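Engineer: predicted structure and sequence below. I'll ask about it afterward.
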Protein chains: 2
Amino acid sequence: MQSLDLFSELFDARTEADWCASVFRMGESLGFQQVLYALVPQQGQRLEDAFLRSSYAPEWRQTYDRTGLHHVDPTVAHCVARNTPLFWSPDIFVTPAQKAMYEEACFYGIRAGVTLPIHGPKGELGIVCFVNDANPAGRDRKELLRRLPHLALLRDFCFESSLRFATANPDGETLPSLTPRERECLHWAANGKSSWEIARILICSEAVVNFHMTNARRKLDVTTRREAVVKALRLGLLQL
Amino acid sequence: MQSLDLFSELFDARTEADWCASVFRMGESLGFQQVLYALVPQQGQRLEDAFLRSSYAPEWRQTYDRTGLHHVDPTVAHCVARNTPLFWSPDIFVTPAQKAMYEEACFYGIRAGVTLPIHGPKGELGIVCFVNDANPAGRDRKELLRRLPHLALLRDFCFESSLRFATANPDGETLPSLTPRERECLHWAANGKSSWEIARILICSEAVVNFHMTNARRKLDVTTRREAVVKALRLGLLQL
DNA sequence: TGCATACCTGTCAGAACTGATAGGTGCGGG
DNA sequence: CCCGCACCTATCAGTTCTGACAGGTATGCA
């Protein structure tokens, strides 16, 4: 990990599968048999809809998703609120539900490791977990600490290189393409401007504003201006 | 940099001056005579108002601020848009204004180094620069690369530990406290429900919904329901 | 040339929201 | 016991938005 060239393969990866393979291999070369990478491309999007790739056991991933463990998982809560790495240890699993989750994870070889939060420039929220089956309290911990800086850096490059995959199509539905004018109208509407005010701002008639707003509502499949603004925010068509 | 204990002094620092001293010393122990740390606590705040501490020459800092070089500086632009480190090299200073800036910085021993972006969980935007007077193209670069992972990690701990200084009451305004009922109304309004529909959902009269909505608007200091929803989202009073 | 698209302008009835009014209950703390 | 607070109800004039009309120009592409 002496050179940035090592990270270039993340950006060079042609396909998402290649990218995942690179990430997993880098994790393994640092001593972690399992890696999980997840990214919520937009600020308010649900964790369930995250771009998530991992080398975890599929059974565990299914269990995790099915039982909504992201609402229990203390490492997720950590990533939402902080920027620093979080070391896994039995201590961080406090509630009975969390203890149960950790026990079951151990069964899949997800026992020791570190979780790194991701916060992107556009409000992206992410999590990277580097995991192995070592004793979290043993002397492997020292080894883990030695590698932590490299993980922090790897995290940043994973994030940048994942954007083209993660933000490409949030959840399969094609997000509507608003015209620049429609976006402008929505933007000012989100900031509390009335049609009349927006008309002044855009130097056009009020009818034009209502016209664009109607088109935007139709494209977003909503009936009110309020809903249109919220949906546009959710889809990342507007910045908060 | 083998242990997290090395970072604990950042959190233990009693005063801002102690904190700065720790940061600067850590930078120096990694081979960087000069360090700059800046943080804009809130998303939309101006760069001019950032929490900024550095061991740069005061004359250079004054020149920088006076001539508004943050609008010229390519490292700032990088931090706004990306998460990855940026190595200083004459290449990144493209425009005449940027070249002039770099030349003058060199005069103050700000010649080679690396800039790391910071993006916090609440939209905080920051920049850390680790700088020395080496030849940016020389073999010192290899040494710099070797230390990069440690800088990435140090960056994260600097950020977390700086929050109590940097965000101590961003602009004095306390966020309004909405009653549960007001939040409920706002929540359904955000999801496109009309007053009549919300009244059905909450099992109360339409007048009550309008009453709560009026109170919420007043507390949020806005005039339309739309604006109230957006502001509540922005303040984290509502989940998208 | 025809066609699609973005952009612009207008009107109008009906629905929804705003801001103000003036009341009511129930609860907990001083 | 009074007071503040959250919560509830109602009315009403005025404003804004919605959804549906029916048009117009300019651009770029087949």
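Structural biologist: Cool, the structure landed.
Engineer: A:H78 - how many residues pack around it?
Structural biologist: 19 (other C-beta atoms under 10 Å in any protein chain shown). All C-beta atoms are positioned from the backbone trio N, CA, C, and that covers glycine.
Engineer: would you say A:G113 is within a helix?
Structural biologist: No. A:G113 is assigned strand when assessed by DSSP: H, G, I helix; E, B strand; the rest coil, not a helix.
Engineer: gap between it and A:T63?
Structural biologist: According to C-beta to C-beta, to the nearest Å, A:G113 stands 18 Å off from A:T63.
Engineer: so which of these two has more stuff around it?
Structural biologist: Neighbour totals were compared for A:G113 and A:T63, and A:G113 leads with 25 against 15 (other C-beta under 10 Å).
Engineer: check contacts around A:T95.
Structural biologist: A:T95 makes contact with A:V72 under the criterion C-beta atoms under 8 Å, 6 or more residues apart in numbering or on different chains.
Engineer: and A:R225, by the same measure?
Structural biologist: A:189, A:213, A:217, B:226.
Engineer: cutoff 10 Å now
Structural biologist: Shown in contact with A:R225 (C-beta atoms under 10 Å, 6 or more residues apart in numbering or on different chains): A:185-186, A:189-190, A:194-195, A:210, A:213-214, A:216-217, B:192, B:224-226.
Engineer: now the buried members of these.
Structural biologist: With burial judged by 16 or more other C-beta atoms under 10 Å in any protein chain shown, the buried subset of these is A:185-186, A:189-190, A:194-195, A:213, A:216-217, B:192, B:224-226.
Engineer: restrict those residues to those near DNA strand C?
Structural biologist: Among the buried ones among the contacts of A:R225, the ones lying near DNA strand C by C-beta under 7 Å from any atom of the strand are B:224-226.
Engineer: got those residues as a markdown table, with pLDDT columns?
Structural biologist: Formatted as a markdown table, these follow (pLDDT from 0 to 100):
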| residue | pLDDT |
| --- | --- |
| B:T224 | 91 |
| B:R225 | 89 |
| B:R226 | 91 |
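Engineer: just the closest of those residues to B:I201, please.
Structural biologist: B:R225 (15.6 Å; C-beta to C-beta).
Engineer: show me which residues of chain A sit near DNA strand C.
Structural biologist: A:177, A:179-182, A:202, A:204-205, A:207-208, A:210-212, A:224.
Engineer: rerun that using 6 Å as the cut-off
Structural biologist: Contact residues (C-beta under 6 Å from any atom of the strand) of chain A with DNA strand C: A:179-182, A:204-205, A:207-208, A:211.
Engineer: so which of the residues you listed wins on neighbours?
Structural biologist: The residue in those with the most neighbours, by other C-beta under 10 Å, is A:E182 (23 neighbours).
Engineer: give the contact list for that residue.
Structural biologist: A:176, A:211-217, A:219-220, A:228, A:232, A:237.
Engineer: check A:G113 too.
Structural biologist: Here A:G113 is in contact with A:27, A:31-36, A:75, A:86-88, A:129-134, A:136, A:144, A:151 (C-beta under 10 Å, 6+ apart).
Engineer: do a quick rundown of the helices in chain A.
Structural biologist: A:5-12, A:16-29, A:58-66, A:74-81, A:96-107, A:140-166, A:180-190, A:195-202, A:206-220, A:225-234 (DSSP state H).
Engineer: of all the ones you listed, which lies closest to B:D5?
Structural biologist: helix A:140-166 (9.6 Å).
Engineer: okay, the one residue in chain A that gets nearest to DNA strand C: pLDDT?
Structural biologist: As assessed by C-beta to the nearest atom of the strand, DNA strand C sits closest to A:T179 within chain A, at 2.5 Å. The per-residue pLDDT reported for A:T179 equals 84.
Engineer: now swap in A:T167 and tell me
Structural biologist: 68.
Engineer: so which elements touch the worst-scoring helix or strand of chain A on mean pLDDT?
Structural biologist: Using mean pLDDT, DSSP states H and E, the weakest-scoring helix or strand in chain A turns out to be helix A:5-12, at a mean of 83. Here helix A:5-12 touches helix A:16-29, helix A:140-166, going by 3 or more C-beta pairs under 10 Å, 6 or more residues apart in numbering or on different chains; DSSP states H and E.
Engineer: can I get those helices in CSV including mean neighbour count and distance to DNA strand D?
Structural biologist: Below are the helices and strands packed on helix A:5-12 laid out as CSV (neighbours: other C-beta atoms under 10 Å in any protein chain shown; distance: least, C-beta to the nearest atom of the strand, whole Å):
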stretch, mean neighbour count, distance to DNA strand D
helix A:16-29, 17, 30
helix A:140-166, 20, 26
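Engineer: ranking the ones you listed by mean pLDDT, which is last?
Structural biologist: Among those, helix A:140-166 scores lowest, at a mean of 89.
Engineer: and the most centrally placed residue in chain A, what pLDDT?
Structural biologist: In chain A, the centroid-proximal residue (C-alpha atoms, centre = their mean) is A:L39; its distance is 1.8 Å. pLDDT recorded at A:L39 is 94.
Engineer: what's around A:H71, how many residues?
Structural biologist: 11.
Engineer: surely it meets A:L47?
Structural biologist: Yes. With contact defined as C-beta atoms under 10 Å, A:H71 counts as touching A:L47 (7.9 Å).
Engineer: enumerate the residues of chain A near DNA strand D.
Structural biologist: Counting by C-beta under 6 Å from any atom of the strand, the residues of chain A close to DNA strand D are A:194-196, A:210, A:213-214, A:217, A:223-225.
Engineer: circling back to that earlier point, show me which of the residues of chain A next to DNA strand C is closest to chain B.
Structural biologist: A:E182 (15.9 Å; C-beta to the nearest C-beta).
Engineer: so how far is DNA strand D from the closest one?
Structural biologist: From A:E182 over to DNA strand D the distance is 12 Å, taken as C-beta to the nearest atom of the strand, to the nearest Å.
Engineer: what is the distance between stretch A:108-127 and the centre of its chain?
Structural biologist: Its chain's C-alpha centre and that of stretch A:108-127 lie 9 Å apart, by C-alpha atoms, centre = their mean, to the nearest Å.
Engineer: that one - what's its average pLDDT?
Structural biologist: Regarding stretch A:108-127, the rounded mean pLDDT is 92.
Engineer: ends of that stretch, what's the gap?
Structural biologist: End-to-end distance for stretch A:108-127, by C-alpha to C-alpha, to the nearest Å: 19 Å.
Engineer: got it, and stretch A:49-59?
Structural biologist: Note: stretch A:49-59 ends 19 Å apart using C-alpha to C-alpha.
Engineer: then stretch A:90-100?
Structural biologist: 11 Å.
Engineer: mind listing what's buried in it?
Structural biologist: A:92-93, A:98.
Engineer: list the contacts for the residue nearest to A:P117 when sequence neighbours are not counted?
Structural biologist: Using C-beta to C-beta, 6 or more residues apart in numbering or on different chains and skipping residues adjacent in sequence, the residue nearest A:P117 is A:C79, 3.8 Å away. Residues in contact with A:C79 (C-beta under 10 Å, 6+ apart) are A:38, A:73, A:86, A:115-119, A:125-129, B:121.
Engineer: can you flag the buried ones in those?
Structural biologist: A:38, A:73, A:86, A:115-119, A:125-129, B:121.
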